[in-house]
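In: output the structure for:
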Amino acid sequence: MLDIRFVRENPELVKENIRKKFQEAKLPLVDQVIALDAENRAAMTEANTLRGNRNTLSKQIGALMGQGKKEEAEAVKAQVAAQADRLKELEAREAELEEQIRTIMLTIPNMIDPSVPIGPDDSCNVEVQRFGGAKAPEFEIPYHTEIMERFDGIDLDSARRVAGNGFYYLMGDIARLHSAVLSYARDFMIDKGFTYVIPPFMMHGAVVQGVMSFPEMDAMMYKIEGEDLYLIGTSEHTMIGRFVDQIIPEAKLPQTLTSYSPCFRKEKGAHGLEERGVYRIHQFEKQEMIVVCKPEESMDWYDKLWHNSVELFRSLDIPVRQLECCSGDLADLKVKSCDIEAWSPRQQKYFEVCSCSNLGDAQARRLKIRVKGEDGRNYLPHTLNNTCVAPPRMLIAFLENNLQADGTVLIPEVLRPYMGGKDKLVPKH
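Out: Below you'll find the model as predicted:
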């Protein structure tokens, strides 16, 4: 969410940013919110004047009563009563205007970074660089669920009967591999100096509005019926929500956190063949990276976060590339974002496994997160997040890239301590 003062002083910049995001339908909101803001400030000025008058008139009443001028005092009382009615009207109008302004400000997208490529959708995302050699296999690689089935590692049919499509049972070595990847990612981030956290897996609606845009909320969130609670779609939401309405001492920045959580998503819409199995599902687990920092440090942290993902995936022998997200592919709160995509030897292409985002001060402004600087003044911090690993999708890349011609799956050295020392998985079929 932008600062209303910035919108008021830079309406054309805000409109140009909306055009860059290909959201022309939102252009009228800029003039509308500026007009509402002007009306609100006028109401506040009049209300403050009336409050000042009330104090002055109250003193006059006391003086007149002391002088025995009862009629004159009653006349002043009538004036005070009339102004009190007007003040009540103004205060009610202020509340209405502030709500209207907030609703619009939650809808106007954040200002994107000048380095963001311009384009209407993800087809305009730009490959920046590749890490590791993406090779074509010399043997046929089965679909990922077929690989898992060879290890008796997955049961989708039972999951459909229990919960419907988009759910799964992982079993045996595949389930152990799933847990091993999460444990390795946890320790990988702890070794980077991040604090490990297990957050709440539900949150209030006000926190949801503070951390994401309305379209994201509608497309992602599951609401608990009859309660002001939503299941989280990613632990970033409750991790940032942890600082809601708090003032953080500047000496405690940056906050560098890595969190584990299950994640729950609606995943609306039709999906292609390659997004079936355990690629696009309603429930999964994830290790996340979160940073709360000084504004001038956020771009440095952005680079550090996505490089962490590259290092982790390369340590598991998975080739990856960095893909810069274009303007139209950015959620409204994001200043800059990139995806880390893993190589799929079966498909001979890359697919998304991590998403790194700098949200500027948007979440901090929405949630009233402030930092007390050394000079005693408060300012808004910047917030960032990045996927560390999100199995079981990440398992697709792992299994395909470590599958051997004889059907075994090699276990990279860094993962062996989490797999009981095993250096490979041997299929049962």
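In: helix, strand or coil for Leu399?
Out: What DSSP: H, G, I helix; E, B strand; the rest coil gives for Leu399 is helix.
In: ok, Val353 next?
Out: Per three-state DSSP, Val353 ends up strand.
In: over to Gly119?
Out: Three-state assignment for Gly119 (three-state DSSP): coil.
In: so the closest residue to Ser115 other than its chain neighbours versus Glu127, what's the distance?
Out: Distance criterion C-beta to C-beta, 6 or more residues apart in numbering; nearest residue to Ser115, sequence neighbours excluded, is Lys336 at 6.8 Å. C-beta: built from backbone N, CA, C; applies to glycine. Using C-beta to C-beta, to the nearest Å, we find Lys336 at a distance of 16 Å from Glu127.
In: more neighbours: which of the two?
Out: Taking neighbours as other C-beta atoms under 10 Å, Lys336 and Glu127 compare with Lys336 leading, 21 against 11.
In: mind listing what's buried in the helix or strand of the chain with the lowest mean pLDDT?
Out: Lowest on mean pLDDT, DSSP states H and E among the helices and strands of the chain sits helix 214-220, with a mean of 77. Residues Met217, Met220 are the ones in helix 214-220 that count as buried (16 or more other C-beta atoms under 10 Å).
In: elements contacting that helix?
Out: The helices and strands touching helix 214-220, judged by 3 or more C-beta pairs under 8 Å, 6 or more residues apart in numbering; DSSP states H and E, number zero.
In: what do you get if the cut-off is 10 Å, keeping everything else the same?
Out: helix 205-211, strand 230-231 (3 or more C-beta pairs under 10 Å, 6 or more residues apart in numbering; DSSP states H and E).
In: dump these to a markdown table, plus mean pLDDT.
Out: Listed next are the helices and strands packed on helix 214-220 as a markdown table, based on pLDDT from 0 to 100:
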| stretch | mean pLDDT |
| --- | --- |
| helix 205-211 | 93 |
| strand 230-231 | 96 |
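In: and these as JSON lines, adding mean neighbour count and distance to Leu330?
Out: Formatted as JSON lines, these follow (neighbours: other C-beta atoms under 10 Å; distance: least, C-beta to C-beta, whole Å):
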{"stretch": "helix 205-211", "mean neighbour count": "20", "distance to Leu330": "15"}
{"stretch": "strand 230-231", "mean neighbour count": "20", "distance to Leu330": "23"}
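In: past the least confident helix or strand of the chain, which element shows up next along the chain?
Out: Next in sequence after helix 214-220, counting helices and strands by DSSP states H and E, comes strand 222-223.
In: give me the mean pLDDT for that following strand.
Out: Averaging pLDDT along strand 222-223 yields 93.
In: gap between it and the chain center?
Out: Mean-position distance between strand 222-223 and its chain equals 16 Å (C-alpha atoms, centre = their mean, to the nearest Å).
In: using PDB, write out every CA atom in stretch 340-352.
Out: What follows is stretch 340-352, C-alpha atoms only, in PDB (Å, rounded to 0.1, in the frame of the first residue of the first chain):
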ATOM      1  CA  ILE A 340      14.100 -19.800  -9.400                       C
ATOM      2  CA  GLU A 341      13.100 -22.500 -11.800                       C
ATOM      3  CA  ALA A 342      14.500 -26.100 -11.700                       C
ATOM      4  CA  TRP A 343      15.400 -28.100 -14.800                       C
ATOM      5  CA  SER A 344      13.100 -30.900 -15.800                       C
ATOM      6  CA  PRO A 345      15.000 -33.500 -17.800                       C
ATOM      7  CA  ARG A 346      11.700 -35.200 -18.700                       C
ATOM      8  CA  GLN A 347      10.100 -32.100 -20.100                       C
ATOM      9  CA  GLN A 348      13.300 -30.600 -21.300                       C
ATOM     10  CA  LYS A 349      12.400 -27.300 -19.800                       C
ATOM     11  CA  TYR A 350      12.500 -25.400 -16.500                       C
ATOM     12  CA  PHE A 351       9.600 -25.000 -14.000                       C
ATOM     13  CA  GLU A 352       9.100 -22.800 -10.900                       C
END
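In: in that stretch, what's buried?
Out: Ile340, Glu341, Ala342, Trp343, Ser344, Pro345, Arg346, Tyr350, Phe351, Glu352.
In: could those residues be laid out in CSV, adding secondary structure and distance to Ala180?
Out: Converted to CSV, the buried residues of stretch 340-352 look like this (DSSP: H, G, I helix; E, B strand; the rest coil; distance: C-beta to C-beta, whole Å):
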residue, secondary structure, distance to Ala180
Ile340, strand, 20
Glu341, strand, 22
Ala342, strand, 17
Trp343, strand, 21
Ser344, strand, 21
Pro345, coil, 21
Arg346, coil, 22
Tyr350, strand, 24
Phe351, strand, 21
Glu352, strand, 22
